[in-house]
Every structure is written in structure tokens, then in C-alpha cells.
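> Pasting the sequence and the predicted coordinates here, then a few questions.
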Amino acid sequence: KRMLKFIQWQKRRRGSSALRWVLKAPHHLRQIDVLFKVFPGAQVIQTHRDPLETVPSSGSFIHNLRRVYMPDADPVRAGQQRSAIYARGMLETLHYRDRNPAAPFLDVWFADTVNRPLEVVRAIYACVGLELPADVEERMRAHLEHNRRELRPPHSYSMEHFGLSEQQIRRDFAAYRARYILPRELSILADLEAIQRLKHAYFRCVDTASLAELRTLLHEDVVVHFVGGSYETVVRGREQYLELIAGLVNNQMIAQHTGHHPEIDVTSETEATGTWYLHGHFYRLWDMHHVSGTALYRDRYIKEDGRWQIIESRYESLCEIDEVMEQPPRLTAHYLGKVGRDRQSG
């Protein structure tokens with residue numbers, strides 16, 4: 001504290017207001033009770049990421065720092081020391097927060113800083129009672145655009161090189177992972193299952209003209225963009241899209257959407273993206289055409305009131321085959337013929 005006061009005095013001598021300190025100090029986790037005693041008005045932003053990822057990475061970082069001055073630095077020592085330090089710090093902070101449930105902590109998950117960084121920044125500003133200036137946010141956007149994570153070279157290492165094992169990290173960080181990591185992973189798994197069910201229901205509702213149920217799967221502001229072999233259509237709004245579908249799956253149509261190979265990313269507690277591979281057959285009985293092909297669906301999903309809905313969907317055809325049928329198909333069942341809108345009446 002004395003050193004911070006001295007630096008603050010220097011800043012004021014240079015004309016800076018020096019009103020608030022922002023410290024990046026993971027070692028505070030080991031003395032969190034002392035931190036609040038010395039700085040009773042402190043607010044702590046605690047970041048969370050699975051120790052299975054952070055501990056080996058930290059061991060690699062510390063080992064490479066030591067190699068600058070000690071070419072024969074021991075990687076095992078570096079890894080085991082960092083693991084022990086972090087395990088103690090996590091446990092100390094867990095115990096402190098259990099004893100002081102009203103302590104001013106804001107929890108931030110690593111995945112959120114990657115997938116929606118500006119929302120995280122806004123939450124931090126709000127937590128400490130500050131407003132995020134528009135020009136500062138704009139500079140952040142520009143920085144993110146020019147420093148995207150996927151453009152950086154990967155950091156390659158193995159935990160075994162640093163004397164670590166998955167079993168040991170799971171054991172040493174069991175309490176922390178049970179509190180902050182596993183519940184989120186289980187929540188994500190539940191979200192993945194819910195989104196898959198949502199999209200499967202979407203395909204079924206389209207093929208069976210189940211418009212009332214389809215309405216519940218779509219956000220009221222849904223935007224759907226179709227890019228086919230010879231057409232491109234954008235539909236905005238749920239009711240407009242439902243009207244389009246009602247006209248397509250009429251009583252003179254047979255539709256078959258088979259969606260599979262989902263690639264879903266839950267980017268936050270309320271947002272997700274997904275890519276689906278589609279194989280489809282469409283029989284237009286009124287003009288004797290059979291259209292088949294494959295396509296990709298690229299979706300955005302949003303969770304409101306605990307339920308996932310489709311808010312954006314882009315359909316892009318990969319291949320499309322349009323064949324004229326020489327004879328009408330011999331139908332022994334035709335569900336849309338019974339429930340689809342009468343094509344003649346529109």
C-alpha cells in the first residue's frame with residue numbers, strides 16, 4: 001500500500017488525477033483476506049478458466065522466463081510450483097468467499113472474454129460504477145478487429161513436460177472446478193442438447209406444415225436468408241417467414257429435410273451459433289419436378305426466458321438437382337396432402 005501511495009503521489013505531481021488503481025495480480029488470491037483489510041473498498045474481478053488449461057500454460061510461461069537467465073531451468077519444477085501456488089490461491093479464495101458471501105466479487109469466464117469481450121468490459125465498468133465512454137469502446141472494437149485471436153500462432157506444449165498430469169490437476173483443483181467449472185460445462189451440455197432438439201423440431205415442423213409449433217421455435221425478429229442454385233431470398237420477421245413456409249409446404253408438395261452433423265458453439269449463456277449439413281428432397285406434384293440436393297444452414301440462436309429460439313438462419317445450397325418426373329409418383333401416403341395449405345386457393 002505504501003508503494004502504491006508513493007506511485008500515486010508521483011502521478012499527481014505529473015498532473016494525473018490518479019483516482020483509481022487497477023491491478024492485475026493473481027497472487028492476491030493467496031492473501032485475499034489481507035487485500036480487503038488493507039483496501040476495504042476494493043472490488044475484485046475474478047476470472048475463471050479450467051485449471052486443466054491454465055496450469056500447464058502458466059508452467060510453460062514461467063519456465064520460458066527462467067530460461068532467459070537459466071538455460072538449464074527445470075520445466076518440471078516450474079510446472080509443479082505454479083500448480084501448487086494456484087491450487088492454494090484458489091482454495092484460499094473459495095474459503096474467503098464462503099465466509100463472506102457479500103464480498104464485492106465479479107466473476108468473469110474466459111470463454112465470455114473470447115466470444116463477447118465488449119459485453120464483459122461493459123459488465124466490469126458497471127460493477128465498479130463507471131460508464132464506458134463511446135470513444136473508448138470504439139477503440140476497443142478496432143483493436144479486436146485487428147488483433148483477432150485466431151490470427152495468433154498457437155502456444156504448443158504438453159502438461160507432462162512440466163511434471164503435471166490431468167489426474168493430479170483434477171484432484172488438486174477439485175473444489176474450485178466443482179464450484180466454477182463443472183456447473184458451467186454441464187449447463188453448456190444442456191444448451192447443446194436443447195439447441196439440437198430445437199433444430200430437429202424445426203425440420204420436422206417444416207416437413208409437416210406444423211406452423212403453430214414452428215412459431216414457437218422462431219424469434220419474432222428472425223431473419224432467414226436463402227441462397228439457392230437460381231434464387232436468393234431474404235425474409236425478415238417471424239410472421240413473414242411462417243407465411244412463406246405455409247405457401248411452400250402446400251398440399252401439392254412433398255418435403256424432406258434431413259439435417260445432421262451439427263457444429264454448435266454456445267458463445268454465452270444466452271447466445272449460440274450452429275452449422276448444419278442438410279440433405280433434402282422436394283417433390284412438386286403440380287408441375288412434376290423433383291428437386292434434391294445438399295446445403296449448409298448457418299444459424300444464430302438466442303435464449304430468452306429459459307428457451308432457445310432461432311434468430312437468424314442462412315441457407316446456402318451446395319448442390320441442387322432439378323429433374324422432371326416422367327410419371328407421377330405412386331403415393332401410398334401423403335401427409336402434406338391432408339394438412340398442407342390448398343395450393344389452388346393460395
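Everything's here; your move. Numbering: from 1, shown residues only.
> Give me the sheet partners of the longest strand along the chain and which way each runs.
Taking DSSP state E as the criterion, the chain has its longest strand at strand 307-324. Sheet pairing for strand 307-324, assigned by DSSP bridges, gives strand 218-227 (parallel), strand 289-304 (antiparallel).
> Show me what counts as buried in the longest one.
By that I understand strand 289-304. Buried residues in strand 289-304, counted by 16 or more other CB atoms under 10 Å: His290, Gly293, Ala295, Leu296, Tyr297, Asp299, Arg300, Tyr301, Ile302, Lys303. In this view, the C-beta of every residue, glycine as well, is placed from N, C-alpha and C.
> As a check, name the ranges of all helices in this protein.
For the chain, helices defined by DSSP state H occupy the ranges 2-13, 32-38, 51-69, 75-99, 110-115, 117-127, 134-146, 166-172, 174-176, 182-207, 211-217, 238-248, 335-339.
> quick one, which of those is nearest to Met159?
Closest approach to Met159 among the helices of the chain (CB to CB): helix 51-69, 3.9 Å.
> show me what contacts the most centrally placed residue in the chain?
Compute the mean C-alpha point of the chain, and by CA atoms, centre = their mean the closest residue is Thr267, 1.0 Å away. Residues near Thr267 by CB atoms under 8 Å, 6 or more residues apart in numbering: Ala111, Asn115, Arg116, Thr273.
> tell me which of those residues is nearest to Gln80?
Once CB to CB is applied, the member of the contacts of Thr267 that ends up nearest Gln80 is Ala111, at 27.1 Å.
> if I look at that closest one, how far off is Val120?
Counting by CB to CB, to the nearest Å, the separation of Ala111 from Val120 is 10 Å.
> Between those two, which has more neighbouring residues?
Using other CB atoms under 10 Å as the criterion, Ala111 and Val120 rank with Val120 on top: 20 against 17.
> could you give the mean pLDDT of stretch 205-215?
Mean pLDDT, computed over stretch 205-215, is 97.
> Also stretch 300-308?
Here the average pLDDT along stretch 300-308 is 97.
> Repeat that for stretch 318-327.
Rounded mean pLDDT across stretch 318-327 is 95.
> buried set for that stretch?
Glu320.
> Stretch 205-223 now?
Result for stretch 205-223 [16+ other CB under 10 Å]: buried residues 205-211, 214, 217-219, 222-223.
> Could you tell me which residues make contact with the residue lying closest to Glu326 once chain neighbours are set aside?
Among residues not flanking Glu326 along the chain, Met288 sits closest, at 8.0 Å (CB to CB, 6 or more residues apart in numbering). Residues in contact with Met288 (CB under 8 Å, 6+ apart) are Val324, Met325, Glu326, Pro328.
> Trp21: what's its closest spatial neighbour, skipping adjacent residues?
Leu4 (6.2 Å).
> Can you give me the distance of the one you found to Phe39?
9 Å.
> again with Arg66
31 Å.
> same thing with Arg170?
From Arg170 to Phe39 the distance is 34 Å (CB to CB).
> Rebuild the buried residues of stretch 205-223 as a markdown table, extending it with distance to Ile85.
Below are these laid out as a markdown table (distance: CB to CB, whole Å):
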| residue | distance to Ile85 |
| --- | --- |
| Cys205 | 54 |
| Val206 | 55 |
| Asp207 | 57 |
| Thr208 | 59 |
| Ala209 | 62 |
| Ser210 | 57 |
| Leu211 | 59 |
| Leu214 | 54 |
| Leu217 | 49 |
| Leu218 | 50 |
| His219 | 46 |
| Val222 | 49 |
| Val223 | 49 |
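> Closest one of the residues you listed to Ile45?
For these, the nearest to Ile45 is His219 (31.8 Å; CB to CB).
> In contact with the closest one, which residues?
Arg238, Ile302, Glu304, Gln309, Ile310, Ile311.
> and with 6 Å instead?
Ile302, Gln309, Ile311 (CB atoms under 6 Å, 6 or more residues apart in numbering).
> isn't Gly340 right next to Leu248, touching?
No. Counting by CB atoms under 6 Å, Gly340 does not reach Leu248; the two are 9.2 Å apart.
> Report the spatially closest residue to Thr273, excluding sequence-adjacent ones.
Asp265 (5.2 Å).
> So what's the residue count around the one you found?
Asp265: 14 neighbours (other CB under 10 Å).
> what do you get for Pro26?
13.
> go on, Leu192?
Count around Leu192 with other CB under 10 Å applied: 16.
> and the closest residue in space to it that isn't next to it in sequence, what pLDDT?
Closest residue to Leu192 apart from its sequence neighbours, by CB to CB, 6+ apart: Ile264 at 5.5 Å. pLDDT, Ile264: 97.
> Please name the bridge partners of Ile264.
Gly274.
> Please say which of Gly340 and Leu248 ends up with more neighbours.
Remark: of Gly340 and Leu248, Gly340 carries more neighbours, 21 against 15, as counted by other CB under 10 Å.
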